[in-house]
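In: Okay, structure incoming, though there's no sequence with it:
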């Protein structure tokens, strides 16, 4: 079974970033080391929340809901 992680990061500038990955530990290392352009200039980042899904559609719906909440 495939597992998808929806995660929420708090960045050094007090902004938030959310995304989906299948390998959370690898993705967190990429964010922390500056390999992810999306958060490179906002390091350090801190994992605030992580949700697990076995269905990509559910993961995408939840990640979009998080982004909508962040933008409002």
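Out: Nice, I can see it. This is a predicted model, so every value here is computed, not measured. Numbering: from 1, shown residues only.

In: For residue 4, name its beta-bridge partners.
Out: residue 53 (DSSP bridges).

In: OK, contacts around it?
Out: Taking C-beta atoms under 8 Å, 6 or more residues apart in numbering, we find residue 4 in contact with 20, 21, 22, 52, 53, 54, 55, 56, 58, 59. (Each C-beta comes from the backbone N, C-alpha and C, glycine too.)

In: likewise residue 42?
Out: With the criterion set at C-beta under 8 Å, 6+ apart, residue 42 makes contact with 11, 12, 13, 15, 17.

In: and it, what element?
Out: Assigned by DSSP states H and E, residue 42 falls within no helix or strand.

In: Report the spatially nearest residue to it, omitting neighbours in sequence.
Out: residue 11 (3.6 Å; C-beta to C-beta, 6 or more residues apart in numbering).

In: same check, this time on residue 21
Out: residue 27 (4.1 Å).

In: Show the pLDDT at that neighbour.
Out: Looking at residue 27, its pLDDT is 98.

In: how about it, secondary structure?
Out: helix (DSSP: H, G, I helix; E, B strand; the rest coil).

In: ditto for residue 70
Out: helix.

In: what's near enough to touch it?
Out: Contacts of residue 70 by C-beta under 8 Å, 6+ apart are 16, 18.

In: Swap in 10 Å and give it another go.
Out: 8, 15, 16, 17, 18 (C-beta atoms under 10 Å, 6 or more residues apart in numbering).
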